[in-house]
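> Take a look and give me a structure for this.
(chains A and B)
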Amino acid sequence: MVAVGGAEQMVLSSDAVLSSDARWEMVDRLTRQTVTYGTYKRTLGDVLGELTVKPLTGIPVAVAALFAFWSIFCSFAGALVTDGFMVKLFDAHWLPWLQSLWPDPASWHYFVFVGDPLADNCFEAFGVLTSGLFVSIGVVLPAILIFYLMMTVLEDSGYLPRLAVLVDSVLHRVGLHGYAIVPAILGLGCNVPAVTATRILETRKQRFIMMSLLAIFIPCGAQLGVMLEVIPDMVGMVFLCLIVGFCLFGYILNKVIPGENPEILVDVPPYHWPVKENVAKKLCNRTKGFLKEAVPFVLFGVLVVNLLYLGGVIQALAAFFEPLFVTWFGVPKETVGPLIAAFLRKDLAIAQLSVIPMTAYQMFASVVLISIYFPCVATFVVMLREGWKELIAALAVLFVVVFAYGGLIHAIGILLGVA
Amino acid sequence: MIQKNSISGIYIGLLGLVTLACGLADIFVWAGINAGFQVGILEIAGDDFFRWAWGGFIMVCAGLFMLAGSRKALSLQQFAKVTLGTVLVWLIAGTDIFARLCESIPAGEEAPEFFNSLSGFIGGFAPPYSPAIILLPFTLVILYLLYTQAYDTD
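Residues are numbered from 1 along each chain as shown, chains lettered A, B, ... in the order given. Sure, this is the predicted structure:
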């Protein structure tokens, strides 16, 4: 046994037996040599830390942090990378080059890989190499990159644990605790790591509620990026609708599902500047994960959707579900195809909606429906990894929520005279 | 120290009042009480809920924090409130400047080239400015007080 204590080291042979008193005496001696007592002086950082967890001052700071988060997200991903460079690169160079190079515009392979031969932009072409590449590289990648950068900065500066403390009482009303804010914010980037992050919650009940709410009410970065391109004026309304749904159905699930919702002790670290190397490493790992898991799904999703369109499957399903979608949800019949295809890629489905003529309210209702509709395939696979029973239960909740909430939005539209 | 406290308090109080007024003006213009207006280099467009209503609310909070901290402004607890208010103003101004930077780098949709010319890039930072950007130089005093640790410790 080796005891190390500041100035001196005591080495005892393995067969030496110490009495309890001797052990405590040794602890006291070590403490005297190593611990310094004094009066702790509070610093400005400590007081700022306290102010950011008190509701009166903390909530405005949280609102400001969200403002900065969204503003930087829109400026970087929207104005700079996508609108500034990617749209021009893809629409003015890549698409015309591909259209001139690919043989036989009437062929099936042209339809699958290049898409509509008359399209003048990659958003409306819907080919694997046009819309697929544009959405994954031109729209989603910059959105994910800036999202994860800001998320890492918030995490490493010590603000995220404070946000967890601040929202703890609110989240307890929906059966969760403060740290559920981590998967919730992660889900705004990509639902795949967010589902995995639900493991930080203590009980099965909490994990199930979070997983269900994630799959239904939290739009991923891909969706956000496309929404920003297609319906920039409506993103706020869509978000409001999703937040209301998150709280409402979270509250109901908390009442209905048996199980515990224990309190937690959160270790709140002091504020500090994030370490550049750590931020770079985290950003690199998260972006790599996204590129490996989500980008192939985008390309594969477009491929499968196009093949299903070619085989007439989507049209047949659309014809079958048309009465339900048109009468219950109040969306035009042309949206049924994209809504069904949304299972493969929600972001692409929103892009498909952009070319369908409809009223502003119908567009709003369709986008909300796509957001709360079935999780994308990638999320579906990760949820399956967490347990098939949970997945089936989450899907059952999802069907009830889609019908109830979709119908409710339609009913509100009718009452307001806009649907 | 008392005199230093009162001078700083008056300055912070005035800054808080102006910040509060700017935040309220942002919200009122957005709400349509007044059409978007421009006075000299100051402009409140009020055309977007996110920037002017949400951002205005944050400016209002910033102003209130500064006002709340203006009495005995250099005590640790009070100065922390002032710092928090100043940080909120920096957040709004910072995001405004970042938005201008992001819009100034690319050449624009119609132009054949990808990058903006140098004059076009610099032109992107020309006036008019939002109230938060105009308030930015006036918050440098708080930065100075922070840097010199002019506040009392407990």
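> OK, contacts around B:I41?
B:P127, B:P128, B:Y129, B:I134 (Cβ atoms under 8 Å, 6 or more residues apart in numbering or on different chains). All C-beta spots, glycine's among them, are computed from the backbone N, C-alpha and C.
> So which of those belong to helices?
B:I134 (DSSP state H).
> Show me how to select, in ChimeraX, the buried members of the contacts of B:I41.
Here is the ChimeraX command that selects the buried residues among the contacts of B:I41 (16 or more other Cβ atoms under 10 Å in any protein chain shown):
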select /B:129,134
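> now, which of the contacts of B:I41 sits nearest A:P55?
For the contacts of B:I41, the minimum distance to A:P55 (Cβ to Cβ) is 30.8 Å, reached by B:I134.
> That closest one against B:E43, yeah?
No: counting by Cβ atoms under 8 Å, B:I134 stays clear of B:E43, with 9.6 Å between them.
> A:E386 contacts A:A197, doesn't it?
No: applying Cβ under 8 Å, one finds A:E386 not in contact with A:A197, separated by 11.1 Å.
> Can you point out the helix or strand that includes residue 26?
Just going to use chain A. helix A:20-34 (DSSP states H and E).
> Can you look at chain B instead?
Using DSSP H and E, B:D26 falls in helix B:2-31.
> How about the contacts made by the spatially most central residue of chain B?
Against the mean C-alpha coordinate of chain B, by Cα atoms, centre = their mean, the closest residue is B:A132 at 2.5 Å. With contact taken as Cβ under 8 Å, 6+ apart, B:A132 is in contact with B:C22, B:G55, B:M59, B:V89, B:I92, B:A93, B:D96.
> which of the residues you listed come close to chain A?
Applying Cβ under 8 Å from any Cβ of the partner chain to the contacts of B:A132, one finds that B:G55, B:I92 fall near chain A.
> Just the contacts of B:A132: which are in helices?
Short answer: these in helices (DSSP H) are B:C22, B:G55, B:M59, B:V89, B:I92, B:A93, B:D96.
> Next, count neighbours for residue 74.
Defaulting to chain A. Using other Cβ atoms under 10 Å in any protein chain shown, A:C74 is surrounded by 23 other residues.
> oops, I was thinking of chain B
Counted by other Cβ under 10 Å, the residues lying close to B:L74 total 21.
> Pretty sure it sits against B:T153.
No: between B:L74 and B:T153 there is no contact, the gap being 10.6 Å when judged by Cβ under 8 Å.
> Let me know the closest of the contacts of B:I41 to chain A.
The closest of the contacts of B:I41 to chain A turns out to be B:Y129 (Cβ to the nearest Cβ; 15.9 Å).
> who touches the closest one in this structure?
If you count contacts by Cβ under 8 Å, 6+ apart, then B:Y129 has B:I41, B:L42, B:E43, B:D96 around it.
> And the nearest residue to the second one once chain neighbours are set aside, how far from A:P232?
Once its chain neighbours are removed from consideration, B:L42 has its nearest residue in B:I134; the separation is 5.8 Å (Cβ to Cβ, 6 or more residues apart in numbering or on different chains). According to Cβ to Cβ, to the nearest Å, B:I134 and A:P232 sit 27 Å apart.
> for A:G138, same thing?
The gap separating A:G138 from A:P232 is 16 Å, by Cβ to Cβ.
> which one of those two has more residues nearby?
A:G138 (25 against 13).
> Residues of chain A that sit close to chain B?
Residues of chain A that fall close to chain B, judged by Cβ under 8 Å from any Cβ: A:41-44, A:47-48, A:51-52, A:57, A:60-61, A:63-65, A:67-68, A:70-72, A:74-76, A:79-80, A:83-85, A:87-89, A:92, A:236.
> Show me which helix or strand of chain B is least confident by mean pLDDT.
Across the helices and strands of chain B, mean confidence by mean pLDDT, DSSP states H and E is lowest for strand B:37-39: a mean of 85.
> tell me which residues in it are buried?
Using 16+ other Cβ under 10 Å, none of the residues of strand B:37-39 count as buried.
> From the chain's centroid, how far away is the helix or strand that comes right after it?
Next in sequence after strand B:37-39, counting helices and strands by DSSP H and E, comes strand B:42-44. Relative to the centre of its chain, strand B:42-44 is centred 12 Å away, using Cα atoms, centre = their mean, to the nearest Å.
> Which strands or helices does whichever helix or strand A:E229 is part of pack on?
Take DSSP H and E as the rule and A:E229 turns out to sit in helix A:221-230. Counting contacts by 3 or more Cβ pairs under 8 Å, 6 or more residues apart in numbering or on different chains; DSSP states H and E, helix A:221-230 is packed against helix A:141-157, helix A:235-256, helix A:346-353, helix A:360-372.
> give the contact list for the residue lying closest to B:N116 once chain neighbours are set aside.
Distances taken as Cβ to Cβ, 6+ apart put B:A107 closest to B:N116, at 4.9 Å, once the chain neighbours are dropped. Listed by Cβ under 8 Å, 6+ apart, the contact partners of B:A107 are B:E113, B:F114, B:F115, B:N116, B:S117, B:G120.
> Quick check: the fourth one touching B:F125?
In this case it means B:N116. No: look at B:N116 against B:F125 with Cβ under 8 Å: they stay out of range, at 11.7 Å.
> In stretch A:369-384, which of the residues would be classed as buried?
A:369-376, A:378-380, A:382-383.
> now do stretch B:7-20
Residues B:S8, B:G9, B:Y11, B:I12, B:G13, B:L15, B:G16, B:V18, B:T19, B:L20 are the ones in stretch B:7-20 that count as buried (16+ other Cβ under 10 Å).
> so which residue of chain B comes closest to chain A?
Taking Cβ to the nearest Cβ, chain B has B:P106 as its residue nearest chain A, at 2.9 Å.
> Show the contacting residues for that residue.
A:A79, A:L80, A:D83, A:G84, A:F85, A:K88, B:F114, B:F115, B:N116.
> Please convert the buried members of the residues you listed into ChimeraX selection syntax.
The buried residues among these can be selected in ChimeraX (16+ other Cβ under 10 Å) with this line:
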select /A:79,80,83,84,85,88 /B:116
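> Columns secondary structure and distance to A:G187 on top of the contacts of B:P106, output as JSON lines?
JSON lines is the format used below for the contacts of B:P106 (DSSP: H, G, I helix; E, B strand; the rest coil; distance: Cβ to Cβ, whole Å):
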{"residue": "A:A79", "secondary structure": "helix", "distance to A:G187": "24"}
{"residue": "A:L80", "secondary structure": "helix", "distance to A:G187": "24"}
{"residue": "A:D83", "secondary structure": "helix", "distance to A:G187": "25"}
{"residue": "A:G84", "secondary structure": "helix", "distance to A:G187": "27"}
{"residue": "A:F85", "secondary structure": "helix", "distance to A:G187": "27"}
{"residue": "A:K88", "secondary structure": "helix", "distance to A:G187": "31"}
{"residue": "B:F114", "secondary structure": "coil", "distance to A:G187": "33"}
{"residue": "B:F115", "secondary structure": "strand", "distance to A:G187": "35"}
{"residue": "B:N116", "secondary structure": "coil", "distance to A:G187": "35"}
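> With respect to A:L291, which of the contacts of B:P106 is nearest?
Nearest to A:L291 among those: A:F85, at 18.8 Å, using Cβ to Cβ.
> Let's see the pLDDT reported for that closest one.
A:F85 is assigned 94 on the pLDDT scale.
> Where does pLDDT dip in the chain?
You didn't say which chain, so I picked chain A. Low-confidence segments of chain A (pLDDT under 70): A:1-16, A:343-345, A:377-378.
> wrong one, chain B
Within chain B, the set of residues satisfying pLDDT under 70 comprises B:1-4, B:154.
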